[in-house]
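Visitor: okay, predicted coordinates and the sequence, questions at the end:
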Amino acid sequence: IAENQLALRAARLGTPGPIGSVRRDCDIRALAEQAYTGVRTRFPGAPALELTLPADGGQRFSYVPDHVVFMLQELLTNATTAVLRHHKDAPLPPINVSVFHGPNSTTFKISDMGGGIPEAAAPRAWDYAFSTADDAGEHMGFGLPMVRMYAEYFGGSCTLQTLPGHGTEIFLNLRHVDAGSLARLQSDMPTLPYAL
């Protein structure tokens, strides 16, 4: 995020092409596949990914691609570990990612059948350093709150619905980044004692 803020200082907001770290043509499929590849590298036995893209052909949007990959990879890792834990020896149900693309935002709905979050733990799901994983040393419990922070940085959101005993759905809404939102970010930046 800090790198993007520095890049924004030097960017000309009215020019075509990248604006700092923001790319105006983020490919939804490529970013989702890149995130899932990262998960498969860590968990070779990961469940299959079923990706449903917008029917209207809206498969590109303006955002910071590294942020999208980070957020999706964290959410897919959570879904994968839940499915692997819940379906130890049984065939693994796929993780479903449905993408909804509007004029101002793109929403990723990530659905798993990983048993859901226990009712008693659900209120703490957004707490830093909280994890429902048995091997908490492997899962530090920073993924969900970090994803929400990244999404909210540009005015988006991350919410979840869980059905204990069945699974969880995460809704990651990313507001498209445009020159106006970048200008607001720039105006909110503190003034540095030197020019970049």
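Guide: Yep, it's here. As the structure is a prediction and not an experimental result, all values here were calculated from the model.

Visitor: alpha carbons only for contacts and neighbour counts from here, please
Guide: Will do.

Visitor: roughly how far apart are the spatially most central residue of the chain and Leu84?
Guide: Closest residue to the average C-alpha location of the chain: Met71 at 2.6 Å, with C-alpha atoms, centre = their mean. Separation of Met71 from Leu84 (C-alpha to C-alpha, to the nearest Å) stands at 20 Å.

Visitor: then Thr132?
Guide: Distance from Thr132 to Leu84, by C-alpha to C-alpha: 13 Å.

Visitor: so which of these two has more stuff around it?
Guide: Neighbour count, other C-alpha atoms under 10 Å: between Thr132 and Leu84, Leu84 has more, with 21 against 17.

Visitor: secondary structure element for that one?
Guide: In this structure, Leu84 is located in helix 65-86 according to DSSP states H and E.

Visitor: what is that helix packed up against?
Guide: helix 28-42, strand 95-101, strand 105-112, helix 143-153 (3 or more C-alpha pairs under 8 Å, 6 or more residues apart in numbering; DSSP states H and E).

Visitor: tally of neighbours for Arg42?
Guide: So Arg42, with other C-alpha under 10 Å, has 11 neighbours.

Visitor: begin at 432, not 1, for the rest of this chat.
Guide: With 432 as the first residue, the last one maps to Arg473.

Visitor: look up the pLDDT of it for me, please.
Guide: In this model, Arg473 is scored at 92, pLDDT.

Visitor: could you do Tyr559 as well?
Guide: 81.

Visitor: ranking helices and strands of this structure by mean pLDDT, which lands last?
Guide: helix 433-441 (a mean of 53; mean pLDDT, DSSP states H and E).

Visitor: returning to that earlier point: got JSON lines for the helices and strands packed on helix 496-517, with distance to Ala551 too?
Guide: Formatted as JSON lines, the helices and strands packed on helix 496-517 follow (distance: least, C-alpha to C-alpha, whole Å):
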{"stretch": "helix 459-473", "distance to Ala551": "28"}
{"stretch": "strand 526-532", "distance to Ala551": "24"}
{"stretch": "strand 536-543", "distance to Ala551": "19"}
{"stretch": "helix 574-584", "distance to Ala551": "17"}
